[in-house]
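Chemist: starting from these lines, generate the structure:
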Amino acid sequence: MPKVSIIMGSKSDLPVAEKAIAILRRFDVDFDIAVASAHRTPKRVEEIVTSCGADVFISIAGLSAALPGVIASFTCKPVIGVPVSGKLNYDALLSIVQMPPGIPVAAVGLDRGDNAAVLAVEMLAMTDERLSKALADHRKEQADKVAADSEQVIKDVGC
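Modeler: Predicted coordinates:
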């Protein structure tokens, strides 16, 4: 079964990781989670990445947000970076999107652990028909909700 590994730079990133976890559980995708710092525990990062057997990595980090790039340096598998908002939002975002040639990291918006998980599921769905169907159903549910919201707004406004 496909597997996603969520690696956070610190325990304080857990609220962002919980968004990803909710999506992965919704799609019944196996995952593991760990805290490892690109700067304080680089050997731990390498050990996790090279031994966990993940198909896709979600890396959640703030400040200089080096963690997604460090993870990408240890694997040829997809890495999705999630910048964590804070006092220096642009630092985290740019650290993830401005990777050097040959070591790309996908990036989602600030604190968008949910989008990182959806992107991971989309990657896994390329070779998993069950996930592909579940994603199509998820997209339909989202479209139905927007339509229902529109009807409600029209009703509330009295048009």
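Chemist: got the buried residues for the longest helix along the chain?
Modeler: For the chain, the helix that runs over the most residues, judged by DSSP state H, is helix 129-157. Residues of helix 129-157 classed as buried: 131, 134, 135, 138 (neighbour count, 16 or more other Cβ atoms under 10 Å). Any C-beta I mention is one placed from the backbone N, CA and C, and that applies to glycine too.
Chemist: just the strands in the chain please.
Modeler: 3-8, 30-35, 56-61, 79-83, 106-107 (DSSP state E).
Chemist: how far out from the middle of the chain is the longest helix of the chain?
Modeler: 22 Å (Cα atoms, centre = their mean, to the nearest Å).
Chemist: so what secondary structure elements neighbour that helix?
Modeler: helix 113-125 (3 or more Cβ pairs under 8 Å, 6 or more residues apart in numbering; DSSP states H and E).
Chemist: what packs against the helix it packs on?
Modeler: strand 3-8, helix 14-26, strand 56-61, strand 79-83, helix 129-157.
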